[in-house]
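Peer 1: with the input below, show me the fold.
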Amino acid sequence: MMNKLVLVLFLSFFMITSCEYEDNKSDAYGNFEATEVIVSAQASGQLIQFTPEEGLELYQNEIVGLIDTVVLDLNKKLLEQQKITIASQYNNLNSEIDVLKQQLKNTKVNQQRIQKMFKSGAATQKQVDDVDGMVDLVKKQIIAINTKRDNVSDQINGVNVQIDQINEALSKCHIKNPTAGTVLVKYAETGEITGVGRPLYKIADLSEMKLKAYISGSQLPNVKIGQEVEVLFDKSEKENTTVNGIVSWISQTAEFTPKTIQTKKERVNLVYAIKILVKNDGAIKIGMPGELNFK
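Peer 2: Residues are numbered from 1 along each chain as shown. Model prediction:
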């Protein structure tokens, strides 16, 4: 009789405990993540300056490093000198055109005079032909020099394009931080030789974190983007910290439950991934487990 009573009490306690456990169970589980950006070099050469350090907070568009620009600077100076030389040719051609235009003006005056003299019989046909030929010659000379000047102008434009290309290359030597955040990993050091596409450091904005969790198909109809939810993460071994979060993304594709966060029995179930945006005061770390409850 005593054994039966003990068994009944044990089963009752187990059922109550199980119910309490089920009541305390969160609606979904997952891990926190951040949008990580790997910043790579856009030029090749030696890192003359490089200031990022792991844990350092950087501003957007902050200059954090410099790749050697000596060769580019020399090439730019050479092109600028070429441009000056070509520009002087352009100016000389302008002067020649001005002289020819004045010559043409004078020749036309002489042409009109001879034509009047020819009409009155004071000039010969040869004189008329000579002055007409002189006018045509000066006109052709002006056209030829204009063509030459256009070619020189094209050369100047070509040099300008090359200078613009070097300016663009020089700008890429200045390493600009693309987004505000905290440096997570540093891959390079001052003095090293880098190349185009080589990773320099990894950065992420930790002021906002995303809890990537998984919900069942039965929960999906009740979840909407922009919905406010309750997010929990470990404060201590027995306590949780509770904050508010906003549903920012819902997967359109079902997938199997990740084996790392669920039991073997649950891993065969199809679930949908969601992301919850949470403000972070520094307590939440990348990879930390979290839970959520729908309000």
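Peer 1: can you tell me the SS state at N31?
Peer 2: Three-state assignment for N31 (DSSP: H, G, I helix; E, B strand; the rest coil): strand.
Peer 1: check contacts around it.
Peer 2: N31 makes contacts with L211, K212, I261, G287, M288, P289, G290, as judged by C-beta atoms under 8 Å, 6 or more residues apart in numbering. In short, each C-beta sits where N, CA and C put it, glycine included.
Peer 1: pLDDT wise, what is the second one at?
Peer 2: The model reports K212 with a pLDDT of 95.
Peer 1: ok, the residue nearest the centre of the chain - contacts?
Peer 2: Central residue of the chain (C-alpha atoms, centre = their mean): P178, 6.6 Å from the mean position. Residues in contact with P178 (C-beta under 8 Å, 6+ apart) are V37, V39, Q60, N61, I203.
Peer 1: any idea which helix or strand carries it?
Peer 2: Here P178, judged by DSSP states H and E, is contained in no helix and no strand.
Peer 1: let the chain start at 52 from now.
Peer 2: Happy to do that; since the first residue is 52 now, the last one works out to P229.
Peer 1: and the gap between it and I114?
Peer 2: For P229, the distance to I114 (C-beta to C-beta, to the nearest Å) stands at 12 Å.
Peer 1: same for the helix or strand encompassing Q216, what does it pack against?
Peer 2: Per DSSP H and E, Q216 falls inside helix 176-224. Identification of packing neighbours for helix 176-224 by 3 or more C-beta pairs under 8 Å, 6 or more residues apart in numbering; DSSP states H and E yields strand 114-118, helix 121-170.
Peer 1: now the angle from that helix to helix 121-170?
Peer 2: 160 degrees (axes from the mean of the first three to the mean of the last three C-alpha atoms, to 10 degrees).
Peer 1: what's downstream of helix 176-224, the next helix or strand?
Peer 2: Going down the chain from helix 176-224, the next helix or strand is strand 225-227, by DSSP H and E.
Peer 1: report the buried residues of that following strand.
Peer 2: Judged by neighbour count using 16 or more other C-beta atoms under 10 Å, the buried positions of strand 225-227 are I226.
Peer 1: C-terminal to that strand, which secondary structure element comes first?
Peer 2: On the C-terminal side of strand 225-227, the closest following helix or strand by DSSP H and E is strand 232-237.
Peer 1: tell me the strands beside the following helix or strand past that following strand, with direction?
Peer 2: Using DSSP H and E, the helix or strand that follows strand 232-237 towards the C-terminus is strand 244-245. Strands adjacent to strand 244-245 in the sheet, as given by DSSP bridges, are strand 96-101 (antiparallel).
Peer 1: residues contacting the strand it pairs with, please?
Peer 2: Residues outside strand 96-101 that contact it (C-beta under 8 Å, 6+ apart) are 115-120, 122, 224, 226, 239-245, 251.
Peer 1: hmm, back to that, for the residue nearest to the centre of the chain, give me the pLDDT.
Peer 2: pLDDT, P229: 96.
Peer 1: let me see the domain layout of this structure.
Peer 2: 78-87+257-345, 89-120+226-255, 121-224 (automatic domain parsing).
Peer 1: lowest average pLDDT across those domains?
Peer 2: Among the domains of the chain, domain 78-87+257-345 scores lowest, at a mean of 88.
Peer 1: that domain: end-to-end distance?
Peer 2: 7 Å (C-alpha to C-alpha, to the nearest Å).
Peer 1: what do you get for stretch 111-124?
Peer 2: Counting by C-alpha to C-alpha: the opening and closing residues of stretch 111-124 are 27 Å apart.
Peer 1: quick one: that stretch to chain centroid distance?
Peer 2: 16 Å (C-alpha atoms, centre = their mean, to the nearest Å).
Peer 1: quick one: residues in contact with it.
Peer 2: Against stretch 111-124 from outside (C-beta under 8 Å, 6+ apart): 92, 94-103, 109, 217, 220-221, 223-231, 245, 251.
Peer 1: just stretch 137-154 next, same as before
Peer 2: Outside stretch 137-154, the residues that touch it by C-beta under 8 Å, 6+ apart are V189, Q192, I193, I196, N197, K199, R200, V203, S204, Q206, I207, V210.
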